[in-house]
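[1] Okay, sequence plus prediction incoming.
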Amino acid sequence: MKLLQDILYKIKLLEVHGSTNVPVAALCIDSRKVEKNSAFIAIKGTVVDGHTFIAAAINKGAAIIVAEELPENKVEGVTYIKVANSHEAAAYMAHYFYDCPSEKLKLVGVTGTNGKTTVATLLYKLFSALGYSCGLISTVENKIQQTVIPASLTTPDAISLNALLHKMVNENCTHAFMECSSIAIHQHRITGLNFTGALFTNITLDHLDYHKTFEAYLKAKKSFFDNLPETAFAISNKDDKRGEVMLQNTKAKKYYYSLKTSADFKGKILDDSLTGLQMQINNTDVHFRLIGEFNAYNLLAVYGAAVCLHEEPTKVLTTLSGLTGAEGRFDYIISNKNVIGIVDYAHTPDALENVLTTLKKLKKDYQNIITVVGCGGDRDKTKRPLMAQAACDYSNKAIFTSDNPRTENPMDILADMEKGLTTAAKKKYIVIPDRRNAIEQAVKLANEGDIILIAGKGHEKYQEINGVKHPFDDKEVLNHFFNL
Ligand SMILES: CC(=O)N[C@H]1[C@@H](OP(=O)(O)OP(=O)(O)OC[C@H]2O[C@@H](n3ccc(=O)[nH]c3=O)[C@H](O)[C@@H]2O)O[C@H](CO)[C@@H](O)[C@@H]1O[C@H](C)C(=O)N[C@@H](C)C(=O)N[C@H](CCC(=O)O)C(=O)O
Ligand SMILES: Nc1ncnc2c1ncn2[C@@H]1O[C@H](COP(=O)(O)OP(=O)(O)OP(=O)(O)O)[C@@H](O)[C@H]1O
Ligand SMILES: N[C@H](CCC[C@H](N)C(=O)O)C(=O)O
Ligand SMILES: [Mg+2]
């Protein structure tokens, strides 16, 4: 068992009460999950302050308390450590507790508003197809080789994350690909990890409920690159307005990809249709099964990372050309009436606009677009009217419905979506709060050759209402009505 003193490197200890020469059975940030002789790290959260659970943690058997503020009355036999930042302390302690797993893997992190899951999943699929044993940490699922471990967050908390990487090392993985959400970066969930490489996809509007300002959101993402070591590679999107700023202060070796200007990884779209993308990448022609300009960017990012990981470019492109994307991202099915149904995870204004403009730009092999969309409750409210407007702007008909209302009243979310719509938009939408009924109505409205886009929930297999996750699968519901 590890000793406390052996997992405290890199942490500034402001006060130590008791011995650090004590074994640590487990690390824990949740008092309800404390085991005997574990270290409880008290974190000031967004809902509650973990410091209020110190006594409860000790009652359950915690022998070590790490906190930003220590209680006056200390329990005999318990070691107390005061630190400046508990989130950061948890991350470094987890790194050493689990034997520095990120140092034993080629670990690549992906950040950006949209495209993280797609890029990380494609990297996992690519490197698995190239014969490596790989791990994946993503919104849809975590994977150790072929074994699926359900994911509840895009980026797990630092302790679960290092435990997962440790398991990957134990199961002989050589590579791991992970999403780094801005919230995770800000909460130090990835602090202390040894990244071989990092990728930036793009930055637009999301998570302002958490970060408050766009500048703070940008800063969180940028800090990921600022903290990379010299040995790492950093790959950014040159066509994104913030693509160069992102790498401005990194010590890592910089690379760019672009569809518009010269870059290390330069791509050109030759053809884009519902059957896939025809592209030229660094002078090689290649066909991909993914659709749309935004996926051309995702594919360039993946290609760049593979080249930086010293894979042979032609082999990379040949293997990539056979791969499909991530579940619930532009997933499409065709009905018995020849209606095209697309299930997509677009849950930001930019993602929705991208998916819809992609559809509009495709070779015209469809008639009308009907979009079914809602917005998540307890999340960034600023994106609601913008998503609604985008749905109307780029569709022939929009049906506003519920996403995951969480603790909000679905009608309030729908009212937010309707706020400030243009006169033209107002003529295009109807409101059907029940998601199943909304999908049913879309299928009823669609004629042969039309496209139905069901946006926002992608791979999700549930609808979260007041803390309860009710089974719900957009693709399954759509399939049901398609086959009636
Ligand atoms: C807003 C946010 O990021 N919340 C995450 C955060 O919670 P928090 O710090 O606010 O925690 P809190 O509930 O206030 O509790 C504070 C501390 O007290 C502890 N506690 C609490 C109760 C108790 O009885 N005993 C106890 O010890 C908690 O374990 C915690 O350590 O840390 C928790 C532990 O890691 C996460 O589970 C929780 O994710 C919630 C469920 C969440 O929905 N997060 C979303 C917004 C999120 O993080 N999404 C991002 C990005 C999404 C994307 O773009 O893909 C992600 O990476 O998933
Ligand atoms: N490079 C991209 N640029 C813009 N939009 C994209 C891009 N890639 C994917 N999208 C759109 O965004 C949606 C979400 O994609 P994806 O799940 O890959 O992103 P993400 O960054 O992982 O999202 P999340 O923050 O929820 O984890 C897709 O369903 C698609 O509509
Ligand atoms: N990972 C994102 C997912 C949003 C998906 C959408 N279906 C919603 O519930 O808002 C978040 O937590 O903000
Ligand atoms: Mg994701």
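    Cool, got the structure. Ligands and ions are numbered 1, 2, ... in the order given.
[2] Up against ligand 2, what does the stretch 151-300 of the chain have?
    Residues of the stretch 151-300 of the chain lying close to ligand 2 (Cβ under 6 Å from any ligand atom) are Thr154, Glu179, Thr201, Asn202, Phe294, Tyr297, Asn298. All C-beta atoms are positioned from the backbone trio N, CA, C, and that covers glycine.
[3] so what's the fifth one up against?
    Shown in contact with Phe294 (Cβ atoms under 8 Å, 6 or more residues apart in numbering): Asn114, Gly115, Asn354, Val355, Thr358.
[4] Please apply the same query to the last one.
    Contact criterion Cβ under 8 Å, 6+ apart gives Gly115, Thr118, Val119, Leu122, Thr201, Leu290, Gly325 as the residues in contact with Asn298.
[5] Neighbour-wise, which one of those residues leads?
    Among the contacts of Asn298, Val119 has the most neighbours (other Cβ atoms under 10 Å), with 30 neighbours.
[6] how about low-confidence regions in the chain?
    Residue ranges of the chain with pLDDT under 70: 363-365.
[7] related to what we said a few turns ago, of the residues of the stretch 151-300 of the chain next to ligand 2, closest to ligand 3?
    Each of those was scored against ligand 3 by Cβ to the nearest ligand atom, and Thr154 proved nearest at 5.4 Å.
[8] From ligand 1, how far off is the closest one?
    Per Cβ to the nearest ligand atom, to the nearest Å, Thr154 is found 3 Å from ligand 1.
[9] tally of neighbours for that residue?
    20.
[10] Closest to the centroid, which residue in the chain?
    The C-alpha lying nearest the average C-alpha coordinate of the chain belongs to Thr154 (Cα atoms, centre = their mean; 4.3 Å).
[11] pretty sure that residue contacts Glu179?
    Yes: contact criterion Cβ atoms under 8 Å: Thr154 and Glu179 qualify, at 5.0 Å.
[12] The contacts of Phe294 into JSON lines, with extra columns for secondary structure and distance to Arg379?
    Output for the contacts of Phe294, formatted as JSON lines (DSSP: H, G, I helix; E, B strand; the rest coil; distance: Cβ to Cβ, whole Å):
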{"residue": "Asn114", "secondary structure": "coil", "distance to Arg379": "15"}
{"residue": "Gly115", "secondary structure": "coil", "distance to Arg379": "19"}
{"residue": "Asn354", "secondary structure": "helix", "distance to Arg379": "19"}
{"residue": "Val355", "secondary structure": "helix", "distance to Arg379": "19"}
{"residue": "Thr358", "secondary structure": "helix", "distance to Arg379": "24"}
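[13] For ligand 3, state which of those residues is nearest.
    Nearest to ligand 3 among those is Asn114, at 10.9 Å by Cβ to the nearest ligand atom.
[14] Name the nearest residue to that closest one, sequence neighbours excluded.
    Leaving aside its chain neighbours, Asn114 sits nearest to Ala351 (4.7 Å; criterion: Cβ to Cβ, 6 or more residues apart in numbering).
[15] And Leu123, by the same measure?
    Using Cβ to Cβ, 6+ apart, the closest residue to Leu123 is Phe177 (4.2 Å).
[16] Please apply the same query to Lys315.
    The shortest distance from Lys315 to any residue other than its chain neighbours is 7.3 Å, reached at Leu130 (Cβ to Cβ, 6+ apart).
[17] The closest residue to Thr196 other than its chain neighbours: what's it in contact with?
    Of all residues not flanking Thr196 in the chain, Lys106 sits nearest, at 4.5 Å (Cβ to Cβ, 6+ apart). Contact analysis of Lys106 by Cβ under 8 Å, 6+ apart lists Thr174, His175, Ala176, Thr196, Gly197, Leu309.
[18] Check the gap between the closest residue to the last one other than its chain neighbours and ligand 4 for me.
    Nearest residue to Leu309 in three dimensions, chain neighbours excluded: Lys106, at 6.3 Å (Cβ to Cβ, 6+ apart). The span separating Lys106 from ligand 4 equals 21 Å under the rule Cβ to the ion, to the nearest Å.
[19] What of Tyr429?
    For Tyr429, the distance to ligand 4 equals 27 Å [Cβ to the ion].
[20] partners of that residue in the sheet?
    Listed by DSSP bridges, the beta-bridge partners for Tyr429 are Ala398.
[21] Relative to Thr422, how far out is it?
    For Tyr429, the distance to Thr422 equals 11 Å [Cβ to Cβ, to the nearest Å].
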